[in-house]
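**Student:** Let me see the structure of the following:
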Amino acid sequence: MLKKNDTPLDDKIHALDQLHKGVIDNAVEAIIIIDSKGIIQSANTATKKIFGRSAKELQGKNIKVIMLDHDAAKHN
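**Tutor:** Numbers count the residues shown, from 1 in each chain. Model prediction:
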């Protein structure tokens, strides 16, 4: 999340950041963001409902931890 500063442009950027965060967090589908190595950078709240693991639990782990074995074997 972006840090809010005191310029009008920063206020607009911060507002958009909050809007996007709200949309992602309230989506009914899991949204998981990974880096190029498959490491989970962030996940929304639906991830817990769907995969049984919170975003905090998953952050920093490889995406394979939530994949079925036959799919995980094909990844990275």
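**Student:** Please tell me I have it right and residue 58 contacts residue 67.
**Tutor:** No: assessed by Cβ atoms under 8 Å, residue 58 is found out of contact with residue 67, at 11.9 Å. Any C-beta I mention is one placed from the backbone N, CA and C, and that applies to glycine too.
**Student:** Looking at the two, which is more packed in?
**Tutor:** residue 58 (23 against 15; other Cβ atoms under 10 Å).
**Student:** Next, the contact list for the closest residue in space to residue 63 that isn't next to it in sequence, please.
**Tutor:** Take residue 63 and drop its neighbours on the chain: the residue closest to it by Cβ to Cβ, 6 or more residues apart in numbering is residue 38, 4.6 Å away. Contacts for residue 38 were tallied using Cβ atoms under 8 Å, 6 or more residues apart in numbering; they are 62-64, 75-76.
**Student:** And for the helix or strand bottoming out on mean pLDDT in the chain, what's in contact with it?
**Tutor:** Least confident helix or strand of the chain, by mean pLDDT, DSSP states H and E, is helix 69-72 with a mean of 88. Helix 69-72 is contacted from outside by residue 64, using Cβ under 8 Å, 6+ apart.
**Student:** Now do the buried residues in that helix.
**Tutor:** Taking 16 or more other Cβ atoms under 10 Å as the neighbour-count basis, helix 69-72 is seen to contain no buried residue.
**Student:** Send over it as CSV, restricted to the C-alpha atoms.
**Tutor:** Extracted as CSV, the C-alpha positions of helix 69-72 are listed here (Å, rounded to 0.1, in the frame of the first residue of the first chain):
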residue,chain,number,x,y,z
ASP,A,69,0.4,-32.2,-6.8
HIS,A,70,0.2,-32.8,-10.6
ASP,A,71,0.0,-29.1,-11.3
ALA,A,72,2.7,-28.2,-8.8
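**Student:** what about residue 30, how many residues close to it?
**Tutor:** Residues lying near residue 30 (other Cβ under 10 Å) number 17.
**Student:** check which helix or strand covers it.
**Tutor:** Taking DSSP states H and E as the definition, one finds residue 30 inside no helix or strand.
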